[in-house]
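Chemist: Dropping the sequence and predicted coords here.
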Amino acid sequence: IFLSSQRFLFLCLFQEQLVKWETSETNRLPSRFLTNNLCLKDEDIFLSACLSGDLEEVQTLLNDGANINTSTVDGLTALHQAVIDGKPKMVQFLVEHGANVNAQDNEGWTPLHAAACCGNVDLVEYLCTEGADLSVTNSDKELAVDLAEEDDCRLALEEEHQRQGINPDECRNRELAIMRRDAEQWLKDGEMHDHPHSRTGATALHVAAAKGYNDVIRLLLKAGADVNCRDRDGWTPLHAAAHWAEHEAVTILIQNGASFSELTNNVRTPTTTFQMLSSRTKCQETTVDYKALYEKEKQETERLLIFRITYGFIETLFHVFQFQQRSFTKKQLEHLRADNQKLKEENGALIRVISKLSK
């Protein structure tokens, strides 16, 4: 079977997003019940109940005050997950009980994006009737219709666009226009009024870097934005630009003092921006251009990397050291006792010899 290049690219995109969803905290919840020291938060219990499809348990938790719009660290709500899993009854239940149909995860995907990408036309149509905003773009500046490979999903969304009088091109450029207007105003005021995202900690500079809004990046930096600011995952704007292969954004940030030595907060595999750049084909040229600069920072990067990797084990190492110290001391005492006993025996033998000679 031969696939068209467009179809192949879509399947790659779909598979990549499924991997992200499958490795999200929501899908890891059941394994947490296997731990010995069970300590679940209320939101974990609610998300797990929704994941299992137990409507009665979900209703009980809602009656007890559970937040229906709670999300994982990836920003996925119960509604996102129900759409991804193709559970229409759970989707309808959550919507009827007040779930936000326009909630966005950390990459800007709404439940409608998920439904379109998964090719579930029934859920696409249902979400549209329940107020899903067709003009929302994700982090890749994609509308839900851009992700709809299946003809029925795409046609349903296009018809809804026409019915609501939505211009897709205007929607894709709306965020850029708003960010440019805000950045110009902050520059004029001489003061930044940016508020990091409440959940992710991302700033306007993070967003502009990730999406390649290069004019906005320049305006934000002139207005006083911190080029090395970090979100809650430890990502700097340079991490974001490198991850999404925004070559020009990478160049602008580096020219304005962005550091290669900043590490993400992942304790096991903290990532430098240079590593991200090296893995992005579109940024290979930048990797070569700035390799010398990276080499200057490499020593500091390696020092931070070693510190970050070992930091989580410091307490354990300390206890091991204490144990080894105690073991060493114990061995030393045993040697001293043995030496002392040997001296006693030698002294005793010497005394006996002297005693015999004196007779």
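Modeler: Thanks, I have the structure now. Numbering: from 1, shown residues only.

Chemist: so how far is residue 94 from residue 83?
Modeler: 9 Å (CB to CB, to the nearest Å). Yep, even glycine has a C-beta here, placed from its N, CA and C like the rest.

Chemist: Just want to know which of these two has more residues nearby.
Modeler: Neighbour count, other CB atoms under 10 Å: between residue 83 and residue 94, residue 83 has more, with 31 against 27.

Chemist: these two touch, right, that one and residue 118?
Modeler: Yes. Counting by CB atoms under 8 Å, residue 83 does reach residue 118; the two are 7.1 Å apart.

Chemist: tell me what the strand or helix carrying residue 61 is packed against?
Modeler: Element membership of residue 61, judged by DSSP states H and E, is helix 55-63. Helices and strands touching helix 55-63, by 3 or more CB pairs under 8 Å, 6 or more residues apart in numbering; DSSP states H and E, are helix 42-52, helix 88-96.

Chemist: for residue 73, helix, strand, or coil?
Modeler: Here residue 73 is recorded as coil under DSSP: H, G, I helix; E, B strand; the rest coil.

Chemist: what separates it from residue 159, distance-wise?
Modeler: For residue 73, the distance to residue 159 equals 36 Å [CB to CB].

Chemist: for residue 239, same thing?
Modeler: Plainly put, residue 239 is 39 Å away from residue 159 if you go by CB to CB.

Chemist: Give me the more crowded residue out of those two.
Modeler: Higher neighbour count among residue 239 and residue 159: residue 239, with 27 against 12, using other CB under 10 Å.

Chemist: Helix or strand: which one has the more buried one?
Modeler: Assigned by DSSP H and E, residue 239 falls within helix 237-243.

Chemist: In that helix, which residues are buried?
Modeler: Buried residues in helix 237-243, counted by 16 or more other CB atoms under 10 Å: 237, 238, 239, 240, 241, 242, 243.

Chemist: Going toward the C-terminus from it, what's the next helix or strand?
Modeler: Using DSSP H and E, the helix or strand that follows helix 237-243 towards the C-terminus is helix 247-255.

Chemist: Go through that next one and flag the buried ones.
Modeler: By 16+ other CB under 10 Å, the buried positions in helix 247-255 come out as 247, 249, 250, 251, 252, 253, 254.

Chemist: now the stretch 1-150 of the chain, which segments are flagged as low pLDDT?
Modeler: Within the stretch 1-150 of the chain, the segments meeting pLDDT under 70 span 1-41.

Chemist: which residues sit in contact with residue 222?
Modeler: residue 187 (CB atoms under 8 Å, 6 or more residues apart in numbering).

Chemist: For the remainder of this discussion, apply numbering that starts at 160.
Modeler: Done: numbering now begins at 160, and the last item shifts to residue 381.

Chemist: For it, give me the pLDDT.
Modeler: Listed pLDDT for residue 381 reads 97.

Chemist: Against residue 289, how distant is it?
Modeler: Between residue 381 and residue 289 the distance is 43 Å, computed by CB to CB.

Chemist: one step back: which of the residues in the helix holding residue 220 are classified as buried?
Modeler: 217, 220, 221.

Chemist: Tell me the one among these nearest to residue 284.
Modeler: Nearest to residue 284 among those, counting by CB to CB, is residue 217 at 23.6 Å.

Chemist: Residue 243 is in contact with residue 279, correct?
Modeler: No. Using CB under 8 Å, residue 279 is not in contact with residue 243, being 9.4 Å away.

Chemist: out of those two, which sits in the more crowded spot?
Modeler: residue 243 (24 against 21).

Chemist: how much space is there between that one and residue 307?
Modeler: Taking CB to CB as the measure, residue 243 falls 15 Å from residue 307.

Chemist: Would you mind giving the domain segments of the protein?
Modeler: The record assigns the chain these domain ranges, following automatic domain parsing: 164-325, 330-470, 475-518.

Chemist: buried ones in stretch 374-390?
Modeler: Applying a neighbour-count criterion of 16+ other CB under 10 Å, one finds 375, 376, 378, 379, 380, 382, 384, 386, 388, 389, 390 buried in stretch 374-390.

Chemist: and the third one, which of the three is it?
Modeler: What three-state DSSP gives for residue 378 is helix.

Chemist: Got phi/psi on residue 287?
Modeler: For residue 287, the backbone dihedrals are phi -60, psi -40 (criterion: degrees, to the nearest 10).

Chemist: List the contacts of the residue lying closest to it once chain neighbours are set aside.
Modeler: Excluding the flanking residues, the one nearest residue 287 by CB to CB, 6 or more residues apart in numbering is residue 319, at 5.1 Å. Applying CB under 8 Å, 6+ apart, we find residue 319 in contact with 287, 293, 325.

Chemist: All set now, cheers.
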